[in-house]
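Enquirer: Just need the structure, nothing else, for what follows:
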Amino acid sequence: MTDLMLDYPISFSRRTIGLICFIFFVSGVVQLSGETLELGRVSRQATQDAPVEAVVAKDKAASSTVSADELKSDPANAKNSYRLRPRDFIRVGVINENDTVIERRINPDGTIDVPFVKQLVPVAGLTITEAQDLLTKRFSRYFKQPQVIIAIVSYAERRVYISGYVGRAGPVTIPPEENLTLGKALSIAGGILARGRRSDVAIKRLKPNGEIELILKDMRKIDSGDEPDFILQDEDAVYVDDSRF
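Expert: Sure thing, here's the model as predicted:
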C-alpha cells in the first residue's frame, strides 16, 4: 500500500508534464498554420497586383515580328573589314517586317536574289555595313526608314593549295575574317623541306579577267624581315621547287 502511494505522485507528475508539452505543441502548430495562411494571402495579393506593364512586355516579346536579335546568327558578327564573298550564306531582312526575311547563298557573280524588291542585288566585295546601306536604299521604296540587317549564317570556304617540297602538300583553309600569309600557309603545310628552294616560291593566281598571274617570293627575305609576308588569296596555288635545279 505504501509503495502504491509513493508511485502515484510520480505517475501523476509524468502525465501532467506530457499534457503540458502537448498543449505547447498544438499551440505552435496553430500559430505556424496562421503564419502560413498569411504568407499565402500576401503572395496571392502580390501576384494579383503585378504591374500591367510586365504582362504587356511579355505579350510583346511573344509577338511574331522579327527583331534585330532574331536576324543575327552565331557566326554572324562579322568585322567591318570583312567583305562578303560569293558562296557566303547570309540572312537579310528588315526589322519588324517578317515578309522581308530571307536566307540566301551569294551567287558566283556576287549577287543575291531579293524577292521583295524583285531584283538581284550585287553584294560581294562589300562590307556588312555597305551592303546594309545598299539594301536600305532598295527597301526604301516600300518602307519608311527601313532598318536592314544582314547576318552571315556561314562563310564560304576559302582555300589555297600547297604543293612541291613541303612537309604536307594539300589544301590549306583560310580562316573566316582573317588573312592567310604565305609564311603561315607554308608552316601549316609542314614547312619547306631541306631540298626545297626557298628563294623562289611560286604563287599562281587567277586574275578576274581569267589570266594566270605568276608571283615569285623569296622566303629568306620574308623570314629575315627584309620583306613583309605575302598575303594569299582564295584559290592561290603555291609551289615550292627543287633547289637542286
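Enquirer: since we're on the closest residue to residue 141 other than its chain neighbours, how many residues are nearby?
Expert: Excluding its sequence neighbours, the residue lying closest to residue 141 (CB to CB, 6 or more residues apart in numbering) is residue 117, at 7.3 Å. Quick note: C-beta positions are derived from backbone N, CA and C, even for glycine. Look at residue 117: counted by other CB atoms under 10 Å, it has 16 neighbours.
Enquirer: Check the secondary structure at residue 138 for me.
Expert: Assigned by DSSP: H, G, I helix; E, B strand; the rest coil, the conformation of residue 138 is helix.
Enquirer: should've said residue 99
Expert: Going by three-state DSSP: residue 99 is strand.
Enquirer: Residue 223 reaches residue 186, doesn't it?
Expert: No - if you go by CB atoms under 8 Å, residue 223 and residue 186 don't touch, sitting 10.2 Å apart.
Enquirer: So for these two, which sits in the more crowded spot?
Expert: Higher neighbour count among residue 223 and residue 186: residue 186, with 22 against 12, using other CB under 10 Å.
Enquirer: could you pull out the strands for the chain?
Expert: Using DSSP state E, the strands found in the chain span residues 89-94, 97-105, 111-114, 119-122, 148-154, 158-164, 170-174, 180-181, 201-206, 212-217, 231-232, 237-240.
Enquirer: Identify the residues contacting the second one?
Expert: Meaning strand 97-105. Here strand 97-105 makes contact (CB atoms under 8 Å, 6 or more residues apart in numbering) with 64-66, 71, 87-94, 112-116, 139, 143, 146, 153.
Enquirer: now do the third one
Expert: The set of residues external to strand 111-114 that reach it, using CB under 8 Å, 6+ apart, is 90, 92, 102, 104, 106-107, 120-124, 135, 138.
Enquirer: Report the buried residues of it.
Expert: 111-112, 114 (16 or more other CB atoms under 10 Å).
Enquirer: and the gap between residue 145 and residue 126?
Expert: 21 Å (CB to CB, to the nearest Å).
Enquirer: Could you measure from residue 224 over to residue 183?
Expert: Distance from residue 224 to residue 183, by CB to CB: 12 Å.
Enquirer: for the buried residues of strand 111-114, which one is nearest residue 165?
Expert: Within the buried residues of strand 111-114, the smallest distance to residue 165 is 41.4 Å, found for residue 111 (CB to CB).
Enquirer: give me every residue that touches the closest residue to residue 166 other than its chain neighbours.
Expert: Leaving aside its chain neighbours, residue 166 sits nearest to residue 189 (4.5 Å; criterion: CB to CB, 6+ apart). Shown in contact with residue 189 (CB under 8 Å, 6+ apart): 162, 166-170, 172.
Enquirer: Apply 6 Å and report the result again.
Expert: 162, 166, 168 (CB atoms under 6 Å, 6 or more residues apart in numbering).
Enquirer: show me what contacts the last one?
Expert: Residues touching residue 168, when contacts are defined by CB under 6 Å, 6+ apart, comprise 189-190.
Enquirer: and the closest residue to residue 230 other than its chain neighbours, how many neighbours?
Expert: Spatially, and ignoring its direct neighbours in sequence, residue 230 is nearest to residue 182 (4.2 Å; CB to CB, 6+ apart). Residue 182 sits with 21 neighbouring residues when counted by other CB under 10 Å.
Enquirer: that older thread, residue 83: which of the contacts of strand 111-114 is nearest?
Expert: residue 124 (7.7 Å).
Enquirer: Excluding chain neighbours, what is closest to that closest one?
Expert: Using CB to CB, 6+ apart, the closest residue to residue 124 is residue 110 (2.9 Å).
Enquirer: if I look at that neighbour, how far off is residue 128?
Expert: 15 Å.
Enquirer: Settle it for me: which of these two has more neighbours?
Expert: Neighbours of residue 110 and residue 128, each counted by other CB under 10 Å, are more numerous for residue 128; the result is 22 against 16.
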